[in-house]
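Q: sharing a sequence plus its predicted fold:
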Amino acid sequence: MRPTFEELLAGWITRQRWFAGKGRAITELAVETATPLPLRGPAESRHSDVAGSSRTTDDESTLPVTVRHLIITVRQESRTDRYQLFLGFRPELPQRLNHVAIGPTDDGVAYDAVHDAEVTGLLLGGIAGEDEIGPLRFHRMPGVEIDTSPRSLVLGAEQSNTSLVYGDRYICKLFRKIVPGVNPELEIVSALAERGSPHIAKPYGWIETDVAGENTTLAFTQEFLPTACDGWALALTSVRDLYGSLAGTDAGDAGGDFAAESHRLGVATAHLHKEMAAAFPTGAIEAPEVKRMVEGFRRRLESAIAEVPELAAHAGEAHEAFDRLADVEHPIPVQRVHGDYHLGQVMRTPSEWVVLDFEGEPGQPLGERRALDSPLRDVAGMLRSFEYAARHLLFDHPDPRRLAPRAAEWAARNRAAFLAGYSAGGGGIRGDDAVLLRALELSKAAYEVVYEARNRPAWLPIPLAAFTGPGA
Ligand SMILES: Nc1ncnc2c1ncn2[C@@H]1O[C@H](COP(=O)(O)OP(=O)(O)O)[C@@H](O)[C@H]1O
Ligand SMILES: O=P(O)(O)O[C@H]1O[C@H](CO)[C@@H](O[C@H]2O[C@H](CO)[C@@H](O)[C@H](O)[C@H]2O)[C@H](O)[C@H]1O
């Protein structure tokens, strides 16, 4: 018997990189809203242009295609999450779409239409035209113009969401897991753009709808930075140089040294924090709230241990770091922060470090992600990322033991440069801040243990090493 549409989706969604509920069985999947997206009407001319041009290479454009925007709910044990899907239906799939097939339905073969450049123009076109399609509202940023002619490609990055790059002009991120409310990324990037920040990619528009009675962001379009390189790729190039250099060469002399960039990134991070402090409310948390924060860290560590029991044997240092933070008596300054700051979230353009993805940690509730927090949370995130970059290339190396001390040396050098840059940019790290920073680093490492166990088990040794001391 043919599976139902919901059963098809349940089988398919668990294989998607962005599916947040990996490792737990789906007990129920239901379609909450299904909105047909017209390839006529506002998007008609754009679509027919696109279809016309593709007919020269592939006759498939003459086949009828329908596109639907879906919000589905997925129940797993006691939790229910919402996801956004952009699906196409064709009588049969052309070869180029076979890899994104979901399966046969009463309406034709369903597929993940983000990969179908014949239809994705309607998303950019909808934003350009400020369309309203059923419950979906498309918005263009005031004062910007959008060229709707570029075709899209799906970005092949390791991602929590799906990003479509239109030509070399725009990048439209479809948030996959939908949490009711305005996405912090839209909120923060718009506010910083208004203040003329050089550290964000220009926003062009967004798509929203109402979910559970709240205005909810579904997608966000920004300027694509075609000449920029992300910090993760740059850092790995530097680590490769070090590993490939002669024994005895230190990280500063190996060529491809990243420390000057780490310093610049530190300065940019401090400036970004100042801009965010100016654009949003700020405050300070006193001892009782600091203790509550520590309780949160402990809970996070305990749930990481529940999921990855081998962590228990190494959790002592983290408990000590959390105890030291619980004893801090001074108020801790708080403000809006990035929340999931790492080398993959920063891009080096020819002139600046630009920061992406202000969503916070994708697994956390929206209220928590929007809450005021210590800017050192971002500093800790980046320090963890230096550890990741240093250790990642050891996986495939024939002699990882020999290189482990070099990994530690690279991480220490770039960590020091980043912190020096952060201070030079006006981001103070003083007194008890070192205690807070250490606790934040270990709390982030606990999050990463769970993230890697669920998404990339082969990477698990990297965050685990944070608990077993330097060089482990
Ligand atoms: N404006 C942009 N210009 C160029 N590349 C970008 C841009 N925004 C994102 N990217 C690329 O996409 C990757 C993932 O983007 P990100 O916003 O972090 O998505 P996610 O929330 O899914 O992790 C980045 O590491 C970067 O390589
Ligand atoms: O970028 P996302 O919002 O999707 O963040 C999630 O995925 C990240 C991995 O892509 C993950 O980051 C971890 O791995 C990075 C290397 O791939 C490393 O640089 C980070 O330091 C490390 O935390 C992030 O934690 C997760 O929320």
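A: Good, I have the coordinates. Ligands and ions are numbered 1, 2, ... in the order given.
Q: isn't residue 279 right up against residue 189?
A: No: with contact defined as C-beta atoms under 8 Å, residue 279 does not count as touching residue 189 (10.6 Å). Quick note: C-beta positions are derived from backbone N, CA and C, even for glycine.
Q: which of these two has more neighbours?
A: residue 189 (24 against 17; other C-beta atoms under 10 Å).
Q: got a list of what that one touches?
A: 200, 201, 203, 220, 222, 358 (C-beta atoms under 8 Å, 6 or more residues apart in numbering).
Q: what about 10 Å?
A: 141, 183, 197, 200-203, 206, 220, 222, 355-358 (C-beta atoms under 10 Å, 6 or more residues apart in numbering).
Q: narrow these to those that are buried.
A: Using 16 or more other C-beta atoms under 10 Å as the burial test, these include 141, 183, 197, 200-201, 203, 206, 220, 222, 355-358 as buried.
Q: of those residues, closest to ligand 2?
A: residue 357 (5.3 Å; C-beta to the nearest ligand atom).
Q: wait, residue 304 sits on residue 448?
A: Yes: with contacts counted by C-beta atoms under 10 Å, residue 304 reaches residue 448, the gap being 8.8 Å.
Q: find residues that contact each of these two.
A: Common neighbours of residue 304 and residue 448 (C-beta under 10 Å, 6+ apart) are residue 463.
Q: now do the helix ranked longest in the chain: distance to the chain's middle.
A: Secondary structure of the chain read by DSSP state H shows that its longest helix is helix 400-424. The chain centroid and the centroid of helix 400-424 are separated by 24 Å, computed with C-alpha atoms, centre = their mean, to the nearest Å.
Q: anything in that helix near ligand 2?
A: No: if you take C-beta under 6 Å from any ligand atom as the test, helix 400-424 misses ligand 2, and the best it gets is 11.2 Å.
Q: now the angle from the helix or strand following that helix to helix 400-424?
A: Remark: after helix 400-424, the chain's next helix or strand is helix 433-455, criterion DSSP states H and E. For helix 433-455 against helix 400-424, the angle by axes from the mean of the first three to the mean of the last three C-alpha atoms, to 10 degrees is 130 degrees.
Q: from the structure, what's the count of residues near residue 338?
A: Counted with other C-beta under 10 Å, the neighbours of residue 338 add up to 27.
Q: tell me who's in contact with the closest residue to residue 235 other than its chain neighbours.
A: Nearest residue to residue 235, sequence neighbours excluded (C-beta to C-beta, 6 or more residues apart in numbering): residue 389, at 4.0 Å. Applying C-beta under 10 Å, 6+ apart, we find residue 389 in contact with 231-239, 258, 342-344, 407, 410-411, 414, 462.
Q: so residue 389 sits in a strand?
A: No: assessed with DSSP: H, G, I helix; E, B strand; the rest coil, residue 389 is helix; it does not lie in a strand.
Q: do you know how far it is from ligand 2?
A: Separation of residue 389 from ligand 2 (C-beta to the nearest ligand atom, to the nearest Å): 6 Å.
Q: so for that residue, what's the pLDDT?
A: Among the per-residue scores, residue 389 shows a pLDDT of 97.
Q: for residue 290, give its distance to residue 436.
A: 8 Å (C-beta to C-beta, to the nearest Å).
Q: tell me which helix or strand residue 278 sits in.
A: helix 259-279.
Q: now do the buried residues in that helix.
A: 259, 261-277, 279.
Q: ok, which of these also contact ligand 2?
A: Answer for the buried residues of helix 259-279 near ligand 2: none qualify (C-beta under 6 Å from any ligand atom).
Q: which residues touch residue 256?
A: By C-beta under 10 Å, 6+ apart, residue 256 lies in contact with 234, 235, 236, 237, 238, 239, 240, 241, 242, 244, 245.
Q: now list the buried members of those.
A: Buried, going by 16+ other C-beta under 10 Å: 234, 235, 236, 238, 239, 241, 242, 245, out of the contacts of residue 256.
Q: need the residues of the stretch 151-300 of the chain near ligand 1, please.
A: Close to ligand 1, as judged by C-beta under 6 Å from any ligand atom, the stretch 151-300 of the chain has residues 155, 157, 159-161, 163, 171, 173, 201, 222-225, 228, 230.
Q: just the closest of these to ligand 2, please.
A: Nearest member of these to ligand 2, counting by C-beta to the nearest ligand atom, is residue 160, at 3.4 Å.
Q: that closest one in helix, strand or coil?
A: Of the three states, residue 160 takes coil under three-state DSSP.
Q: roughly how far apart are it and residue 340?
A: Applying C-beta to C-beta to residue 160 and residue 340 gives a distance of 9 Å.
Q: what touches both of those two?
A: Contact with both residue 160 and residue 340 is made by residues 357, 359, 361, 362, 363, according to C-beta under 10 Å, 6+ apart.
Q: tell me, which of the residues you listed make contact with ligand 2?
A: 357, 361, 362.
Q: what's the distance between the closest residue in space to the first one that isn't next to it in sequence and residue 427?
A: If you skip the residues right next to it in sequence, residue 357 has residue 345 as its closest partner in space, 4.8 Å away by C-beta to C-beta, 6+ apart. With distances defined as C-beta to C-beta, the gap from residue 345 to residue 427 amounts to 17 Å.
Q: can you show me the helices along this protein?
A: 5-13, 44-54, 121-128, 184-194, 231-244, 259-279, 287-307, 316-326, 366-370, 376-392, 400-424, 433-455, 461-465.
Q: winner for burial among those?
A: Mean neighbour count (mean count of other C-beta atoms under 10 Å) peaks for helix 121-128 among the helices of the chain, with a mean of 26.
Q: could I get stretch 7-18 in CSV with only the CA atoms?
A: Output of stretch 7-18 as CSV, limited to C-alpha atoms (Å, rounded to 0.1, in the frame of the first residue of the first chain):
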residue,chain,number,x,y,z
GLU,A,7,4.1,9.1,6.2
LEU,A,8,6.2,10.1,3.2
LEU,A,9,7.1,13.4,4.9
ALA,A,10,8.0,11.7,8.1
GLY,A,11,10.4,9.3,6.4
TRP,A,12,12.0,12.2,4.4
ILE,A,13,12.3,14.8,7.1
THR,A,14,14.4,12.7,9.4
ARG,A,15,17.1,12.5,6.7
GLN,A,16,17.3,16.3,6.3
ARG,A,17,20.4,18.0,7.7
TRP,A,18,18.2,20.8,9.2
